[in-house]
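Student: predicted model and sequence below, questions to follow.
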Amino acid sequence: MRKEQTVRCAEMAKPAIFPVAILAAVHATSGQAKEVLLEPSSQWHVIYDADNCRLARMFGADKDTVLTFQQPAPDNILRVSVYGPPFKSMVTGTNDVMVAFGNGQKLVPAKHSLPGFAGDDKQPLLMLGPLDLLNRDFSGDEELTPELAPTREQVAGIDRFTVAKSGKRVALHTGSMSKALDVLAICTRDLVKSWGLDPDQQAKLSARPKYLSKPSSWLQSNDYPVAALRMGKSASIQFRLMVDKAGVPTACSVQSATQSPEFIDLTCKLLMKRARFAPALDA
């Protein structure tokens, strides 16, 4: 067994918003906004990408609103995006988007949300970043450990996802997501196998890799490509690192990115140079 196999997959897929300083957001409370509730208009669909797993469902009578959950490895954090006309007013102005899983739950800031447009008809798109199903804040260097993972009972009680900004709230009535998330978990296990690792062994590690420096220090604002900065470009980049027995990265893979190759190439170059870990331990 290669020593690299002792690295837990969740650690290898730490999501990053690059650069943090450029995408910093100011958040405000949504107040008593009027809510639009959309019912599902399709089944859940699991999409197996080459290095990613996605779970998507359409909502609304016109089937023009889409909720997508993305996971690049077994984890309890979901990278969430919403797409469609109901979010038109939320992709402009200040970046103060609020979100919540569950009915009647307090809205929390989507600290790494990234607005934009997608498709030939340029429909509104909100990439809401990594979110916890229990609406806790794990957007910084703190990690969601297995001990803090939502229970199956807590997940079963979640029946909607709400997005709010500037007096408007859109609630997507998902119904119970337990079975859909179970299928997503099967997809991520298959991903781990495709990397040459054993998902069961990874899940049973007695100690996960520990950052020797804060991940926020690996990619800094002064690393931003000058040409991209002049053009006002920003990017959301998700990467995977393979780490050896010494805690040194041996390979970097960008699993998804919203912008051009200069971001991708620079990200892996800097991660291989700066990221260091205390290695994982077998159970």
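Tutor: Ah, there it is. Residues are numbered from 1 along each chain as shown.
Student: from here on, just use CA atoms for contacts and neighbour counts.
Tutor: Will do.
Student: ok, residue 46 - contacts?
Tutor: Neighbouring residues of residue 46 by CA atoms under 8 Å, 6 or more residues apart in numbering: 53, 54, 55, 56, 183, 184.
Student: how does it look with 6 Å?
Tutor: 54, 55 (CA atoms under 6 Å, 6 or more residues apart in numbering).
Student: just say helix, strand or coil for it.
Tutor: Judged by DSSP: H, G, I helix; E, B strand; the rest coil, the three-state class of residue 46 is strand.
Student: low-confidence stretches in this structure?
Tutor: The chain contains residues with pLDDT under 70 at 1-33, 139-146, 227-235, 258-261, 283.
Student: kindly recompute the last result at 50.
Tutor: Applying pLDDT under 50 to the chain picks out residues 1-31, 283.
Student: where along it do the helices fall?
Tutor: Ranges of helices in the chain, per DSSP state H, are 9-12, 152-156, 178-194, 199-203, 226-230, 261-274.
Student: make TSV out of these and add mean neighbour count and distance to residue 98.
Tutor: Formatted as TSV, the helices of the chain follow (neighbours: other CA atoms under 10 Å; distance: least, CA to CA, whole Å):
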stretch	mean neighbour count	distance to residue 98
helix 9-12	23	25
helix 152-156	13	20
helix 178-194	17	23
helix 199-203	17	32
helix 226-230	11	27
helix 261-274	16	27
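Student: would you list these in JSON lines and tack on distance to residue 248?
Tutor: Shown next, in JSON lines, are these (distance: least, CA to CA, whole Å):
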{"stretch": "helix 9-12", "distance to residue 248": "12"}
{"stretch": "helix 152-156", "distance to residue 248": "35"}
{"stretch": "helix 178-194", "distance to residue 248": "19"}
{"stretch": "helix 199-203", "distance to residue 248": "18"}
{"stretch": "helix 226-230", "distance to residue 248": "29"}
{"stretch": "helix 261-274", "distance to residue 248": "8"}
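Student: surely residue 131 and residue 78 touch.
Tutor: Yes. Here residue 131 lies in contact with residue 78, judged by CA atoms under 6 Å, at a distance of 5.4 Å.
Student: and the helices of the chain: which comes nearest residue 237?
Tutor: helix 261-274 (7.5 Å; CA to CA).
Student: which strands or helices does the closest one pack on?
Tutor: Helices and strands touching helix 261-274, by 3 or more CA pairs under 6 Å, 6 or more residues apart in numbering; DSSP states H and E: there are none.
Student: can you show me the CA trace of it as PDB?
Tutor: Presented in PDB, the C-alpha positions along helix 261-274 are these (Å, rounded to 0.1, in the frame of the first residue of the first chain):
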ATOM      1  CA  PRO A 261      -5.900  28.500 -17.400                       C
ATOM      2  CA  GLU A 262      -3.700  31.100 -15.800                       C
ATOM      3  CA  PHE A 263      -5.700  30.600 -12.500                       C
ATOM      4  CA  ILE A 264      -5.500  26.800 -12.800                       C
ATOM      5  CA  ASP A 265      -1.700  26.700 -13.500                       C
ATOM      6  CA  LEU A 266      -0.900  29.200 -10.800                       C
ATOM      7  CA  THR A 267      -3.100  27.600  -8.100                       C
ATOM      8  CA  CYS A 268      -1.400  24.200  -8.400                       C
ATOM      9  CA  LYS A 269       2.100  25.700  -8.600                       C
ATOM     10  CA  LEU A 270       1.600  27.700  -5.400                       C
ATOM     11  CA  LEU A 271      -0.100  24.800  -3.500                       C
ATOM     12  CA  MET A 272       2.700  22.400  -4.300                       C
ATOM     13  CA  LYS A 273       5.200  25.000  -3.000                       C
ATOM     14  CA  ARG A 274       3.400  26.200   0.100                       C
END
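Student: hmm, residue 177 and residue 159 touching each other?
Tutor: No. Applying CA under 6 Å as the test, residue 159 and residue 177 come out as separate, 7.0 Å apart.
Student: end-to-end on stretch 240-253?
Tutor: This stretch, stretch 240-253, spans 5 Å end to end (CA to CA, to the nearest Å).
Student: ignore the last one, stretch 197-211
Tutor: Stretch 197-211: ends 21 Å apart by CA to CA.
Student: so how far is it off the chain centroid?
Tutor: Relative to the centre of its chain, stretch 197-211 is centred 20 Å away, using CA atoms, centre = their mean, to the nearest Å.
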